[in-house]
Every structure is written in C-alpha cells, then in structure tokens.
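Colleague: Take a look and give me a structure for this.
(one chain, ligands or ions: 1)
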Amino acid sequence: MSAVRLPQQSQDFPAWYGQVVRRAGLAENSPVRGAMVIKPYGYAIWEAIQRALDDRIKATGHENLYFPVLVPASVLAQESTLIEGFAPEVALVTRAGGKELDEPLALRPTSEAVIWAAYGRWIESYRDLPLLYNQWANVVRWELRPRILLRTSEFLWQEGHTAHETEDEAVREVLTILHDVYADVVENVLAMPVLRGRKSASERFPGAVETYTLEALMRDGKALQAATSHFLGQGFARAFGVTYTGRDGEEQHPYATSWGASTRLVGGLVMAHGDDAGLRLPPAVAPHQVVIVPIVREDDRVQVLAAAAALADDLRAEGLRVRLDDREEHRPGFKFHEWELRGVPCRVEIGPRDLAAGSVTVARRDTGAKATVALAALAGELPALLADVQAAMFAAARAEQERRTACPDTYAEMVAWLREAGGFARAGWCGGEDCEARAKADTAATIRCLPLGQRPAASDRCVVCGEASEAVAVWAQAY
Ligand SMILES: [Zn+2]
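Modeller: Below is the predicted model:
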C-alpha cells in the first residue's frame, strides 16, 4: 500500500489540494516560481476539456487561428484600460539577438490588443463582419500569490475574439458562448453546477462594458470563476482605429466580444469533486474511464491475465477508455488505492474465483458502491453505469451547492456565513460600490455575480445598507 495518507479535506483543504495535484500526477511546480509543469495525466484531462470546448466553439460558427506570444509593448499600451488593468502582471522581453531591443516585447497577458490591431487590416466593410475567431494559446500573467492550476504565471486557455456590426448581435454572441459553450461543458462534461451571471462593475474585465461569468462552488465553500464572456462595446475598435463602411455607406466602429476558459478548470475539477481518498473524475473527462485490476495467484496467472486482456478489448470495442493494470510489481490493494487517488470512475476486479463463476466485481469511485456483474454482460452494461456516475456526480455537486447557499436576512448573518467560507450568500444589493467594498473588507468575499434570471432574495433591501435593492447579488470568497 502507498504509505502516507492524504490530509483530510475538512482539516486542511489547501494541503489536501496540493497533495492530490502532485500525487495524482496532474502537475508540479517548475523552476520559475508560479509557473507549472502539466504532467501527462493532468494534460490528458485538459485535452478532454479542450476537445469539449473546441467542438462547441466550432459548432457555434467559430474558426481557430493563432497569434504570436510576443506583442510590441506599444501595441499592448494602445487600449489604456486594458494596460492599466494588466500592467503589474505583464512580463517584458527587453533583450534578444544578443542586444537590447529597440522596443520591449510583452509576453501576452491576453490578446485583445494584438488581435484588434490586426482586425484593423481585416475589416473594411460590413461584408467582412462578423469575425468569429478563437485561439488556443498560452498567456503569461506574473502571479505574486500563485496556486498550482488555479493561478499560475503561465497558463493554457482559449480566447475568442469576435467583431460584429451591431450591439445586439455582439451581446447575443456573448450569451451564446456563456450558455451553449461554457455552461454546457462545465455542467454536462465536468459535472460542475454553475451560477450564470453578470459581474459588478468593479469585477469586470478591464475595458469591458459587461462581463458575464460562470461561478462554481468548491468543496471548501469558496467560489471558482469557471469561464468569462465579455461584451467589449466599441472601445477596442476605437482604441485601434478599426472602422468599416456600413450598409448605409457611413464609417462606423464594430462591436467586440472576447471570452476565455483556461487550465484552471482542471484545478476546479479537483476541488469540486475530490474527497479524502483523492480525485473523483466525471467519466466524460477521465483519461481512463475504467481500470481493470486482475487478482492473480501464481498457479492461475495466465488464465486470469488472458481473461482481463480480453475484457479490456471488449470494453474498448464499446468505445470506452480502458486501462488494464497488469503491473506485476504491485499488489491489488496498492492498485485500488492508486486508482482511487487518481479518480478513475469505475474499477473492475477480476480474479480466479470470479472467472470460475463467470462474473467480475465492479466498484464505483463516486459512491464506493460495489456490485457483482456477469462477465458476459459487462461490456453491455458499463456505458450505462458510467452515464449514471456522470449524472450522480452532477446531482451530488448541485446538492452540495444548494446546501452551501444561504439567503441571509441581515448583514450580520451574511458576514458570519461568508467569513467561515460557508459558501454562496444570496442577498439584495443597492448597486453601490461602497456596500460592495464594505462587505469585502468585512468578509474577504466579493460579489461573484448578479445571477441571470434572478430569483428573489430574502429581502428586497440591500443587505449591507438597507436601501432599496437594485439586484440580487451572490457573494462568496473565491479562488
Ligand atoms: Zn447598499
């Protein structure tokens, strides 16, 4: 058996998280503080997320392209709000080719600037619109308080950048991405229930007119921003001098959107589903959906291994991702423990007695439930079992989110709830930045979003100042 147990989630959630990430083989720190090495198991999960997003990005009419990682500092500085927002996080290359550069080059913190500089060349007439483009890329944002997979100085993501004739069309785009791309992937692939909402002005993306967000809840009661989609208005077009000739023959500025989801989703998966035994992966993103562990004795090794290999082939023929763990140097107990730690949704044990009885033992990672299944029926039954695991994981996470959502009547109640990171607090807000700032100072929590399709709060008054409420806001401590 693997020696040291994980820290308990309830005792030390950050230590639990750090050890799961490392021991499950997801990622590790690199020589550059705040930057990470994504290991094969973590990268396989990212690739599954990437595929799910990319399929939907293309299905909604977008094409992929690629811009360089280096951006002239002057181009980055052209949109003042953007550069003010990102200045402290921007890393610059000042020397290359054996000499000082005439102009420093920034490592992109995000690509609005360089892309809108190009859109100025690509957009001349309304006939050139809309531009519906996305890139898969790495970005660099110097992190002073890094946390692996969640806040790293370099991370992987996709960033969509679109240009539209009308405000209506751009706003529709932003919401299509929020609902049909991001929420669909996060809820139906990652099994993480999310709140969909708008950001308050102070939490908006620099330069955005409106930022829409998905907020998920982690098992320590803190929120994680899972993806954002920004309506940028005409600000970027103005800053980069992008105009087009409209249907009426007049010169106008196009409307912009941008939207992104990143490798922090892998960290979110760990924290939304993991338990004291380690990771629990939804089947839709698990690199191995099923692990087969043969239980062998010396005298029946050959038959059991042959049966296990044949079973693996049958399951693969059903389209399942299967790992046959026939390592000789480890005992079955060690293997059970390791695949639990690594979150494999379903384990199949096959031994000589099972073989004689024509059955196998199937264990679910999400509930720990075990069942005996006829060997001949297994390949037919496993897809439905995995679908059930996927649905049960979402239902369990949603029940947890509901349990951890409070509707406080008073400010004192809200402060107590948020200070202990109880979870989401849903309450009226007057829209005042003073009230937002006061709650943040008292609780370390921020307004995560103003949910779309608002349900009423306990009171129609601002929970902080008692004035009439403008919207229901959801507060939480956040990653
Ligand atoms: Zn107020």
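Colleague: only C-alpha atoms for contact and neighbour calcs from this point on.
Modeller: OK.
Colleague: Near the ion, which residues of the chain? Just list them.
Modeller: Cys430, Cys435, Cys462, Cys465 (Cα under 5 Å from the ion).
Colleague: So which of these sit within strands?
Modeller: Residues from the residues of the chain next to the ion lying in strands, with DSSP state E as the criterion: none.
Colleague: got a markdown table for those, with pLDDT, neighbour count and distance to Arg147 too?
Modeller: Formatted as a markdown table, those follow (pLDDT from 0 to 100; neighbours: other Cα atoms under 10 Å; distance: Cα to Cα, whole Å):
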| residue | pLDDT | neighbour count | distance to Arg147 |
| --- | --- | --- | --- |
| Cys430 | 95 | 22 | 34 |
| Cys435 | 97 | 16 | 29 |
| Cys462 | 96 | 24 | 34 |
| Cys465 | 96 | 16 | 35 |
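Colleague: OK, contacts around the closest residue to the ion within the stretch 251-400 of the chain?
Modeller: Here the stretch 251-400 of the chain gets closest to the ion at one residue, Glu400, 28.9 Å apart by Cα to the ion. Contacts for Glu400 were tallied using Cα atoms under 8 Å, 6 or more residues apart in numbering; they are Arg219.
Colleague: From the centre of the chain, give me the residue that's furthest out.
Modeller: Asp299 (48.0 Å; Cα atoms, centre = their mean).
Colleague: Quick check: beta-bridge partners of Thr405?
Modeller: On the basis of DSSP bridges, Thr405 is bridged to Phe424.
Colleague: If you could redo that for Ala468, that was the one I meant.
Modeller: Beta-bridge partners, per DSSP bridges, of Ala468: Arg461.
Colleague: State the pLDDT value of it.
Modeller: What the model reports for Ala468 is a pLDDT of 94.
Colleague: Is it in contact with Arg461, as I believe?
Modeller: Yes. Between Ala468 and Arg461 there is a contact under Cα atoms under 8 Å: 4.6 Å.
Colleague: shared neighbours of these two, anything?
Modeller: Trp429, Cys430.
Colleague: of the two, who's got more company?
Modeller: Arg461 (21 against 15; other Cα atoms under 10 Å).
Colleague: Would you mind listing the residues in contact with that one?
Modeller: Gly428, Trp429, Cys430, Glu467, Ala468, Ser469.
Colleague: now do Lys222
Modeller: Lys222 touches Ala421, Gly422, Gly423, Phe424, Ala476, Gln477, Ala478, Tyr479, counting by Cα under 8 Å, 6+ apart.
Colleague: could you redo the last one with a cut-off of 10 Å?
Modeller: For Lys222, the contact set (Cα atoms under 10 Å, 6 or more residues apart in numbering) comprises 216, 271-272, 404, 418, 420-424, 445, 476-479.
Colleague: what about the closest residue to Ile38 other than its chain neighbours, neighbour count?
Modeller: Leaving aside its sequence neighbours, Ile38 sits nearest to Ala27 (Cα to Cα, 6 or more residues apart in numbering; 4.3 Å). Close neighbours of Ala27, defined as other Cα under 10 Å, add up to 22.
Colleague: I'd like to know how far Ala27 sits from Tyr43.
Modeller: 8 Å (Cα to Cα, to the nearest Å).
Colleague: what's the overlap in contacts for these two?
Modeller: Val37.
Colleague: Show me the strands in the stretch 251-400 of the chain, by range?
Modeller: Along the stretch 251-400 of the chain, the stretches classed as strands by DSSP state E, counting those that start in this stretch are 251-252, 255-262, 290-294, 322-324, 346-350, 359-364, 370-374.
Colleague: tell me what the last one is packed against?
Modeller: What it means is strand 370-374. The helices and strands touching strand 370-374, judged by 3 or more Cα pairs under 10 Å, 6 or more residues apart in numbering; DSSP states H and E, are strand 346-350, helix 352-357, strand 359-364, helix 375-403.
Colleague: Least confident of the ones you listed, on average?
Modeller: Among the helices and strands packed on strand 370-374, helix 352-357 carries the lowest mean pLDDT (a mean of 90).
Colleague: Can you tell me what sits against that one?
Modeller: With Cα under 10 Å, 6+ apart as the criterion, helix 352-357 contacts 294-297, 299-301, 303-305, 307-308, 351, 358-361, 372-375.
Colleague: Spit out the contact partners of the closest residue to Glu143 other than its chain neighbours.
Modeller: Spatially, and ignoring its direct neighbours in sequence, Glu143 is nearest to Ser153 (5.1 Å; Cα to Cα, 6+ apart). Going by Cα under 10 Å, 6+ apart, Ser153 touches 32-36, 89-91, 109, 139-147.
Colleague: please redo it, this time with the cut-off set to 8 Å
Modeller: Arg33, Gly34, Ala35, Val140, Arg141, Trp142, Glu143, Pro146.
Colleague: Kindly report the same for Tyr212.
Modeller: Val174, Leu175, Leu178, Arg196, Gly197, Arg198, Lys199, Thr228, Ser229, His230.
Colleague: The same query, at a cut-off of 7 Å, please.
Modeller: By Cα atoms under 7 Å, 6 or more residues apart in numbering, the contact set of Tyr212 is Gly197, Arg198, Lys199, Thr228, Ser229, His230.
Colleague: Is it correct that it falls within a strand?
Modeller: Yes. The assignment for Tyr212 is a strand, going by DSSP: H, G, I helix; E, B strand; the rest coil.
Colleague: How much space separates it from the ion?
Modeller: 22 Å (Cα to the ion, to the nearest Å).
Colleague: excluding its backbone neighbours, what's nearest that residue?
Modeller: Arg198 (4.4 Å).
Colleague: quick one, phi psi at that neighbour?
Modeller: The phi/psi pair for Arg198 (degrees, to the nearest 10) reads phi -100, psi 150.
Colleague: Verify the stated contact: it with Leu214.
Modeller: No. Using Cα atoms under 7 Å, Arg198 makes no contact with Leu214, being 8.8 Å away.
Colleague: Comparing those two, which residue is more hemmed in?
Modeller: For Arg198 versus Leu214, neighbours defined as other Cα under 10 Å are more numerous around Leu214 (26 against 23).
Colleague: Which strand residues bridge the more buried one?
Modeller: In beta-bridge terms (that is, DSSP bridges), Leu214 pairs with Arg196, Ala227.
Colleague: again, but for Val291
Modeller: Counting by DSSP bridges, Val291 forms beta bridges with Arg323, Arg347.
Colleague: In contact with the residue nearest to the spatial centre of the chain, which residues?
Modeller: Residue closest to the average C-alpha location in the chain (Cα atoms, centre = their mean): Leu265, at 2.2 Å. With contact taken as Cα under 7 Å, 6+ apart, Leu265 is in contact with Ala226.
Colleague: now the one 4 residues further on
Modeller: When the contact criterion is Cα under 7 Å, 6+ apart, the partners of Leu269 are Leu190.
Colleague: tell me the pLDDT at Leu82?
Modeller: 71.
Colleague: For it, which non-adjacent residue is spatially closest?
Modeller: Per Cα to Cα, 6+ apart, closest to Leu82 is Pro206, 5.0 Å.
Colleague: does the one you found count as helix, strand or coil?
Modeller: From three-state DSSP, the assignment for Pro206 is coil.
Colleague: Residue of the stretch 151-300 of the chain nearest the ion, please.
Modeller: Ser200 (13.2 Å).
Colleague: Could you measure from that residue over to Leu214?
Modeller: Applying Cα to Cα to Ser200 and Leu214 gives a distance of 13 Å.
Colleague: Let me have the strands of the stretch 251-400 of the chain in CSV, adding mean neighbour count as columns.
Modeller: Listed next are the strands of the stretch 251-400 of the chain as CSV, based on neighbours: other Cα atoms under 10 Å:
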stretch, mean neighbour count
strand 251-252, 16
strand 255-262, 24
strand 290-294, 24
strand 322-324, 19
strand 346-350, 23
strand 359-364, 20
strand 370-374, 14
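Colleague: I'm done for today, thanks for sticking with me.
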